[in-house]
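# Here is my input, please return the structure:
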Amino acid sequence: MGRQVLVLNADYSAISVCTVPKAFLLVYLNKAEMVAEAGTACLRTVSSVYSLPTIIRLHSYVKVPYKSIVLNRHNIFKRDHHQCQYCGSSKDLTLDHVLPKSRGGKTSWDNLVAACRNCNSRKGDCLPEEAGMPLKQKPFRPTFVMFVRDYSGNIESTWLPYLNRWR
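So this is what the prediction gives:
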């Protein structure tokens with residue numbers, strides 16, 4: 001039961017993703033309602049059968065502080081589609097500081113990109129323009145909804161209307 005469930009706030013904005021057991025518990029305790037269910041999949045107990053949720057909506061509005069994506073190697077690679085941002089290779093990836101740390105570059109979403117070892121060492125302590133190595137895309141901080149929609153891999157088709165609302 002490795003499926004995920006999209007959790008919507010009372011205003012139908014996406015706020016998180018949780019496991020099926022957690023979502024079922026929220027529905028069972030009447031803290032949320034099921035918005036969409038998996039076709040034929042179900043949860044079975046000894047005496048009952050319940051629909052498997054794919055989207056739930058909380059009954060009470062929850063004020064969620066800005067939810068940022070954790071800055072780590074794995075998430076940078078996801079954002080950059082597991083490709084070197086200089087040559088497009090997907091082999092032997094490392095992290096590269098666009099503005100090198102030796103020149104005051106920070107470790108941040110806006111300054112880190114995935115780069116293959118060859119490109120990373122060829123660029124060295126230069127800026128991409130100085131090394132003649134333009135970036136395929138400018139690094140950016142993804143939003144939570146963007147991250148779920150574009151980078152989480154297996155999202156349910158029923159989630160799309162709720163994720164596409166909040167670009």
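
# Spatially, what comes nearest to residue 127 if we skip its sequence neighbours?
Nearest non-adjacent residue to residue 127, counting by C-beta to C-beta, 6 or more residues apart in numbering: residue 99, 6.7 Å away. Any C-beta I mention is one placed from the backbone N, CA and C, and that applies to glycine too.

# Test my guess that the one you found contacts residue 128.
No - the pair residue 99 / residue 128 is not scored as a contact, 9.4 Å apart, by C-beta atoms under 8 Å.

# Could you chop the chain up by domain?
4-66+144-164, 73-131 (automatic domain parsing).

# Nearest approach to residue 138 belongs to which of those domains?
Each of those was scored for nearness to residue 138 using C-beta to C-beta, and the closest is domain 73-131 (8.3 Å).

# what about the closest residue to residue 133 other than its chain neighbours, distance to residue 70?
Of all residues not flanking residue 133 in the chain, residue 86 sits nearest, at 4.7 Å (C-beta to C-beta, 6+ apart). Noted for residue 86: a distance of 25 Å to residue 70, by C-beta to C-beta, to the nearest Å.

# Same question for residue 46.
40 Å.

# And what about the residue in the chain sticking out farthest from the centre, helix, strand or coil?
Here the chain has its C-alpha centre computed as a mean, and the residue farthest from that point, by C-alpha atoms, centre = their mean, is residue 47 with 37.5 Å. With DSSP: H, G, I helix; E, B strand; the rest coil as the basis, the three-state label of residue 47 is coil.

# which secondary element of this structure has the worst mean pLDDT?
Comparing every helix and strand of the chain by mean pLDDT, DSSP states H and E singles out helix 144-151 as the least confident one, with a mean of 71.

# Okay, buried residues for the helix or strand following it please.
Helices and strands here follow DSSP states H and E; after helix 144-151, the next one along the chain is helix 160-164. Using 16 or more other C-beta atoms under 10 Å as the burial criterion, the residues of helix 160-164 that qualify are 162, 163.

# Counting by contacts, list what helix 160-164 packs against.
Secondary-structure packing of helix 160-164 (3 or more C-beta pairs under 8 Å, 6 or more residues apart in numbering; DSSP states H and E): strand 4-8, helix 144-151.

# Check the offset of that helix from the chain's centre.
Its chain's average C-alpha position is 14 Å from that of helix 160-164, according to C-alpha atoms, centre = their mean, to the nearest Å.
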